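J.: Please work out how this folds:
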Amino acid sequence: MKTFLNIGLVGCGMIADIYLQNLTSVFHNELQVRGVFDMNAQLMHSRAEKYGIGRCYESFEAMLADPEIDIVLNLCPPKTHYALNRQAIEAGKHVYCEKPLSVTYAEGAQLEALAREKGVYLGCSPDVPLGALIQTARSVVESGEIGTVIGASAHLVKQGVETWHPNPDFLYQPGAGPLLDMGPYYLTALLHMVGPFSSVSGMSAISFPTRKITSQPHYGETIQVRVPTYVNALLRFSSGAVATFTATFDVWKAKLPFLEVYGSKGSLSISDPNLFGGKIELAGTAGEWREVPLTFGYSDNNRGLGLADMAHGILTGGQSRVDAKYAVHILETMDAILESASTGTRVELKTCPDRPAAMTK
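T.: Presented below is the predicted three-dimensional model:
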C-alpha cells in the first residue's frame, strides 16, 4: 500500500509559489512534488530550482505519460481548467484544481461525472474554509450558541486587481471577475457553516468597460472587461435561511463586514474568508460583541490543505472535504446568479450536496 502520492504541477504562476512552499514543507509526509510544467520555460525552471523539484516536463502530455504521477495539480488560468482537467482525468490521474473547477456549471458537472466514471478523485479549492477561521466559526454555529440560523451576509467590496496583480487581464475575462474568482471563498464558507443553497436571484453590472493597469510589468496597458464587476445576490439555503452577497472590484473604500451569520439567539461576525486565520466575534441577545478564540489548526497561509485532505482520502479510501460535488454546487450557484442577473428571474438550483465533514481539532 502506498504511503505517499506524487504530484505533477501544471501552471507555475503567482499562486504556485505558496503551494510549492507548503507542499515541500507542511504537507510533505503524504505528498511529494515530482515535477512541474508551464509553457513559460524560464518560470518553470525557476520554480523547480527554488523548491528542489527534480523534473521539468517538456509538455503537459509528457507529465500525464509519467506513470509515477498520481495527482495533477492544476494552477492554470480558469479558461484552461476544463480542457486540462478532462485530459488528466481521461489519463487516469487524480486531479486537484484551483477554483473555479471550470468556467461554467455544465462543464464542471461533466468533469465530476467523468471522474466518477473513471474512478479517480477530483478535488477543487478553495481549501481556506478547512482552516482555523471558518472551522471555528462552524463549530460555534453547530454548538447552538447563536440559535437557529435565519440569515447571513457576505461582502467582497474592493478595488480592482489591476492595481497590484502582475497579470490582471485574465481576472476580467470569462471564468473570473469578482464573483467567480473571489466568490468561492465566501460561498464555500457559507456552505460549511450553514449548508447548501437552493435558489438565487442576482443583479450585475460592468461599471467600467475598460481598466488601466497600474501594476508592473504591464503598467499603462488597457484591459477590456468582459465579465460583471459589480454583482449583488440574494440566496436561499436549503434550510430556509436567506443570505445576501455583494462581490465587486469597483469600490475604492468601504466599511462593510466580510461575513456574518445571524441566528435566533445571536450573531457571528467573521473576518476575511480568503484567509485561514483571522478574527471571530460573537454577540448574544445582550448585544455585546466578544471575540471567540480560534480552536482549530491551520491559521497560516496553508494553501494545499485541501490537496492534502484529498490525498489522505485516496490513500485510505475515505471521503474528501474538497470533493468536486462541492465545487460544482458553488459553480452552479454562481452561474445561476449571473443567469438571474441576465434574465431578471429567480433560479432554482439542481445540486444539493451534503455539507463537507468538519475538520478535527
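J.: can you pull the contacts of the spatially most central residue of the chain?
T.: In the chain, the residue lying closest to the centroid (C-alpha atoms, centre = their mean) is residue 126, at 2.6 Å. For residue 126, the contact set (C-beta atoms under 8 Å, 6 or more residues apart in numbering) comprises 99, 184, 185, 188, 274, 306. C-beta here means a position set from N, CA and C on the backbone, and glycine is covered the same way.
J.: quick one: it from residue 47, how far?
T.: 22 Å (C-beta to C-beta, to the nearest Å).
J.: coming back round to it: what about the residue nearest to the centre of the chain? Give its phi and psi, please.
T.: Main-chain torsions, residue 126, degrees, to the nearest 10: phi -80, psi 140.
J.: So for it, what pLDDT did the model give?
T.: We have a pLDDT of 98 for residue 126.
J.: Ok, residue 77 next?
T.: 92.
J.: these two touch, right, it and residue 172?
T.: No: applying C-beta atoms under 8 Å, one finds residue 77 not in contact with residue 172, separated by 11.8 Å.
J.: Looking at the two, which one has more neighbours?
T.: residue 172 (24 against 17; other C-beta atoms under 10 Å).
J.: so what's the more buried one up against?
T.: Residue 172 sits next to 211, 223, 224, 225, 226, 227, 229 when contact means C-beta under 8 Å, 6+ apart.
J.: likewise residue 140?
T.: Counted by C-beta under 8 Å, 6+ apart, residue 140 has contacts 146, 268, 280, 282, 292.
J.: looking at those, which has the most residues close by?
T.: Sorting these by how many neighbours each has (other C-beta under 10 Å) puts residue 268 first, at 23 neighbours.
J.: Could you list the paired strands of the helix or strand harbouring that one along with their orientation?
T.: Using DSSP states H and E, the element containing residue 268 is strand 267-270. Its sheet considered, strand 267-270 pairs with strand 259-263 (antiparallel), strand 280-283 (antiparallel) by DSSP bridges.
J.: Distance-wise, check residue 122 relative to residue 96.
T.: Taking C-beta to C-beta as the measure, residue 122 falls 8 Å from residue 96.
J.: Please read the previous query as pertaining to residue 149.
T.: On the measure of C-beta to C-beta, residue 149 and residue 96 end up 30 Å apart.
J.: Could you check which of these two has the larger neighbour count?
T.: Set side by side, residue 149 and residue 96 show more neighbours around residue 96, with 30 against 21, by other C-beta under 10 Å.
J.: Need the contact partners of the helix or strand hosting the more buried one.
T.: Taking DSSP H and E as the criterion, residue 96 maps to strand 94-97. Strand 94-97 has contacts (C-beta under 8 Å, 6+ apart) with 5, 70-74, 81, 85, 88-89, 115, 120-125, 306-307, 310, 314, 322, 327.
J.: Show me what secondary structure element comes after it.
T.: That would be, after strand 94-97 and using DSSP H and E, helix 105-118.
J.: Now residue 156: phi and psi?
T.: Note on residue 156: backbone dihedrals following degrees, to the nearest 10 are phi -100, psi 90.
J.: Not counting residues beside it along the chain, what's closest to it?
T.: residue 247 (4.5 Å; C-beta to C-beta, 6 or more residues apart in numbering).
J.: Can I take it that the one you found is in a helix?
T.: No: counting by DSSP: H, G, I helix; E, B strand; the rest coil, residue 247 falls outside a helix, being strand.
J.: okay but it is in contact with residue 185, surely?
T.: No: using C-beta under 8 Å, residue 247 is not in contact with residue 185; the gap is 10.1 Å.
J.: Name the residue in these two with the higher neighbour count.
T.: Neighbours were counted for residue 247 and for residue 185 using other C-beta under 10 Å; residue 247 has more, 27 against 24.
J.: pLDDT score for that one?
T.: The per-residue pLDDT reported for residue 247 equals 98.
J.: How much space separates it from residue 68?
T.: 40 Å.
J.: Let me see the ranges of the strands in the stretch 51-200 of the chain.
T.: Listed in chain order, the strands of the stretch 51-200 of the chain (DSSP state E, counting those that start in this stretch) span 55-56, 71-74, 94-97, 122-124, 149-157, 197-205.
J.: which strands and helices sit next to the first one?
T.: So that's strand 55-56. With contacts defined as 3 or more C-beta pairs under 8 Å, 6 or more residues apart in numbering; DSSP states H and E, strand 55-56 has these neighbours: strand 31-37, helix 41-51.
J.: In CSV, list the ones you listed along with mean pLDDT, mean neighbour count and distance to residue 159.
T.: Shown next, in CSV, are the helices and strands packed on strand 55-56 (pLDDT from 0 to 100; neighbours: other C-beta atoms under 10 Å; distance: least, C-beta to C-beta, whole Å):
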stretch, mean pLDDT, mean neighbour count, distance to residue 159
strand 31-37, 98, 22, 32
helix 41-51, 97, 15, 27
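J.: how about the ones you listed, which one is nearest residue 131?
T.: Ranking the helices and strands packed on strand 55-56 by their distance to residue 131 (criterion: C-beta to C-beta) puts strand 31-37 first, at 17.6 Å.
J.: now the angle from the closest one to helix 41-51?
T.: Calculated by axes from the mean of the first three to the mean of the last three C-alpha atoms, to 10 degrees, strand 31-37 forms an angle of 160 degrees with helix 41-51.
J.: what about strand 31-37, distance to the chain center?
T.: Mean C-alpha position of strand 31-37 versus that of the full chain (C-alpha atoms, centre = their mean, to the nearest Å) differs by 21 Å.
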